[in-house]
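Q: With the input below, show me the fold.
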Amino acid sequence: MTSFSPFTPPVVKRLLSLKKGDTEKEDKWSEKAVKSLVKKLKKSGGLDELEKSVTNQDSTTKCITIPR
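A: Have a look, this model is predicted:
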């Protein structure tokens, strides 16, 4: 996995550490996509649930809606 920019938030780094695949092109796209998702979920309050469901691979967590 490539190194992240110094401005990458810790939650983005944690979520990206769980990503599978290792091409540089995918890493850049993934980082951008996760940053965008985190930004949207911070506003709606679903970020904690997303992180919990992904890190624990738990299907019993609450549903997460992503605003447009």
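Q: quick one, longest helix in this structure?
A: helix 24-44 (DSSP state H).
Q: ok, and for that one, which residues are buried?
A: 27, 30-31, 34-35, 37-38, 41 (16 or more other CB atoms under 10 Å). From N, CA and C alone the C-beta is placed, and that goes for glycine too.
Q: Stretch 50-60 too?
A: 50-51, 53.
Q: Need the buried residues of helix 24-44 in a markdown table (columns: distance to Leu15).
A: Below are the buried residues of helix 24-44 laid out as a markdown table (distance: CB to CB, whole Å):
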| residue | distance to Leu15 |
| --- | --- |
| Asp27 | 13 |
| Ser30 | 9 |
| Glu31 | 10 |
| Val34 | 5 |
| Lys35 | 10 |
| Leu37 | 8 |
| Val38 | 7 |
| Leu41 | 11 |
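Q: which stretches of this protein have low pLDDT?
A: Applying pLDDT under 70 to the chain flags residues 1-6, 21-24, 67.
Q: Alpha carbons of the host helix or strand of Leu15, as PDB, please.
A: Per DSSP states H and E, Leu15 falls inside helix 10-16. What follows is helix 10-16, C-alpha atoms only, in PDB (Å, rounded to 0.1, in the frame of the first residue of the first chain):
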ATOM      1  CA  PRO A  10      -6.800   8.700  10.800                       C
ATOM      2  CA  VAL A  11     -10.200   7.200  10.200                       C
ATOM      3  CA  VAL A  12      -9.500   7.200   6.500                       C
ATOM      4  CA  LYS A  13      -6.200   5.400   7.100                       C
ATOM      5  CA  ARG A  14      -7.900   2.800   9.300                       C
ATOM      6  CA  LEU A  15     -10.600   2.100   6.700                       C
ATOM      7  CA  LEU A  16      -8.000   1.900   3.900                       C
END
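Q: which residues sit against that helix?
A: Applying CB atoms under 8 Å, 6 or more residues apart in numbering, the contact partners of helix 10-16 are 1, 4, 27, 30-31, 34-35, 38, 47, 50-51, 54-55.
Q: Next: stretch 49-68.
A: For stretch 49-68, the external contacting residues (CB under 8 Å, 6+ apart) are 11, 14-15, 18, 37, 40-41, 43-44, 46.
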